[in-house]
Structure formats: C-alpha cells, structure tokens
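>>> Sequence unavailable; structure follows:
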C-alpha cells in the first residue's frame, strides 16, 4: 500500500495498512500512533495520502445526500413509504415532490409498486427522509433495474465517475446508480440494456482486481465483436 499509489489490497480488521505520519485515516480505518489500521474487511485504497477501505460485503447503510432507488410500499395521508432494500424504510413527504399534490391524489403521482429515484435529505431518530426535487429524480419509467451488493457500488461508479462513464459511452444507455445497490438502465434497445447488465455483473465479480477500468474497455470490444459475428 505504501509503495504503489492506488494499489488495492484485500485487508482484514486489525491489519496495518500503512505506516507514516503523512497518511490520513479514511472510511473503514483508524490511526493508532503513526499506523493506519483496518477496522473493516475489504479493499484498501490510497488516494492523496488518504487511506480508505471499500467493503466487499454488507448491507446498505443510508447516508445523507445518497441517491437511492426504492419501491413505494405504502401510501399515508402525508406521503409515501419507500423501501430501500435496507434494514429500515424511508419516507417521501408531500412537500418533497416538485409540484402540488392533492392529499386525495397521492396514488396518481406515485402508486404502490412504483420505483423511484430519490435523494436522502435527512436521517433522524424518526427515520430516513427523501426528496424527489432535483435533476434525475422521480419515477422510474422504462428500462430495467438490476441489483448488486451495495459494497460494489464504488467500483461500478469508479474514481470520479470513470467506470460508469465508460459503460454509458460504450452502450449508449442512461444509467442511474443507487447507493443502495439498485441500478436503473435505460436504452433505446433492450440489447444495449442487457449489455450494461452483463458489464456491471462482470465488474461486480472482479471488484477486487486492479486495472479494472482498462479491462472493461477490452471487455466491451470483445463483446461487440462477438455480437457482430453472431449476426452474420
């Protein structure tokens, strides 16, 4: 870890990841003396002297500002109960919808079973509050939704969006990645949507590997060449 910048290594809790006063503890680590210690199992990563751990397993832990994809599970007098595929549900209040909604017409806006792209705007003792005010937020219409382990989400997105941008460019699909592990894929053709699904599963399976961004470029080229041969 200290010899090669951004080299990812699998670590276990209690393992010393790096030594030196110049290193800072990030997510999943703590600093004891001049040592950065792992407190989670996962991939250790260094960036600008900040050491963090990308978990390889685990359930989704909601955080303020996260974009999620959830399912409307219930409708109340004041809003919608939304399942996040997490230990607890969230709530979308009436006032967090970007238009006037009659209290008699909530199901006309979002009905039970509808899928939503929303943002977490508050986490309190009362629960998790959502909003659909904002670009890219609202009802999921068309396309397909797939599920991955939430711990794989950082690898699907990539550093500064590098991985997800490659997938979008190669597939011509719109892709919304929920931090809770649900991913909405929408393209002009079902073949492109299924190609994205296959690519995401490929990345999730190899999430521990280094050099994955370059590998996915080669993967797309191979898949497209095979597709051309199969059409002949």
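In hand now; what should we look at? Keep in mind it's a predicted model, so treat the numbers as computed, not measured.

>>> As a check, name the ranges of all helices in this protein.
106-109, 153-157, 162-171, 190-205, 212-231 (DSSP state H).

>>> Of these, flag the one that's most buried.
Sort those by mean neighbour count, taking mean count of other C-beta atoms under 10 Å, and helix 153-157 sits at the top with a mean of 20. Where you see a C-beta, it was placed from the backbone N, CA and C, and this is true even at glycine.

>>> list the helices and strands that helix packs on?
The contact analysis (3 or more C-beta pairs under 8 Å, 6 or more residues apart in numbering; DSSP states H and E) places helix 153-157 against helix 162-171, strand 174-177, helix 190-205.

>>> Dump the helices of the chain into CSV; add mean pLDDT as well.
Shown next, in CSV, are those (pLDDT from 0 to 100):
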stretch, mean pLDDT
helix 106-109, 93
helix 153-157, 90
helix 162-171, 94
helix 190-205, 94
helix 212-231, 81
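
>>> Redo those helices as CSV? Include distance to residue 28.
Conversion of the helices of the chain to CSV gives the following (distance: least, C-beta to C-beta, whole Å):
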stretch, distance to residue 28
helix 106-109, 39
helix 153-157, 11
helix 162-171, 20
helix 190-205, 19
helix 212-231, 19
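
>>> before we move on, the earlier item: and residue 50, which of the helices and strands packed on helix 153-157 is closest to it?
helix 162-171 (17.8 Å; C-beta to C-beta).

>>> could you check the angle helix 190-205 makes with that closest one?
Angle, helix 162-171 to helix 190-205, by axes from the mean of the first three to the mean of the last three C-alpha atoms, to 10 degrees: 150 degrees.

>>> could you say what helices and strands helix 162-171 packs with?
helix 153-157, strand 174-177, helix 190-205, helix 212-231.

>>> Which of the ones you listed sits closest to residue 184?
strand 174-177 (4.3 Å).

>>> what is the mean pLDDT for that closest one?
On average, the pLDDT along strand 174-177 is 97.

>>> Could you list the paired strands of it along with their orientation?
Strand 174-177 has the following strand partners under DSSP bridges: strand 182-186 (antiparallel).

>>> Distance from the strand it pairs with to the middle of the chain?
On the basis of C-alpha atoms, centre = their mean, to the nearest Å, strand 182-186 sits 10 Å off its chain's mean C-alpha point.

>>> and of the helices and strands packed on helix 153-157, who's closest to residue 137?
Taking the helices and strands packed on helix 153-157 one by one with C-beta to C-beta, strand 174-177 is closest: 9.3 Å.

>>> which residues are in contact with that closest one?
Strand 174-177 is contacted by residues 67, 69, 117, 136, 143, 153, 156-157, 164, 167-168, 183-187, 196 when judged by C-beta atoms under 8 Å, 6 or more residues apart in numbering.
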